[in-house]
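In: Got a sequence here, can you model it:
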Amino acid sequence: MNWMDFMAGFDLDQFHYKGIIGILVCLVLFVASEYLSKVQMLGFLVVFKWFFLMLAGVIFLLIVLATISHK
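Out: A predicted model of the protein is given here:
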């Protein structure tokens, strides 16, 4: 099973919808962890801050790849 077979049975609109929500959630968590680390309430969130940002980047790349391979 290669990438194109996987993408053939794929609802791109649904994926864009979920992907954009995923990116927004990651960015909200990034901003929240940035704020909380400033307040020093939850210092351990600094570790997760960059993880959330990377996750948003990965989801964005998946959306771009799905769009390119669907054309």
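In: quick check: mean pLDDT across stretch 30-42?
Out: Over the span of stretch 30-42, the pLDDT mean works out to 70.
In: Please tell me how far residue 33 sits from residue 53.
Out: Counting by CB to CB, to the nearest Å, the gap from residue 33 to residue 53 is 9 Å. Every C-beta, even on glycine, is put in place using the N, C-alpha and C of the backbone.
In: Between the two, point out the one with more neighbours.
Out: Set residue 33 next to residue 53 and count neighbours by other CB atoms under 10 Å: residue 33 wins out with 21 against 16.
In: Quick check: the gap between residue 17 and residue 53.
Out: 21 Å.
In: What is the neighbour count of residue 65?
Out: Neighbours around residue 65, by other CB under 10 Å: 12.
In: oh sorry, the question was meant for residue 25
Out: Neighbours around residue 25, by other CB under 10 Å: 14.
In: for this structure, which helix is longest?
Out: helix 12-39 (DSSP state H).
In: What is that one packed up against?
Out: In terms of contacts (3 or more CB pairs under 8 Å, 6 or more residues apart in numbering; DSSP states H and E), helix 12-39 is packed against helix 45-70.
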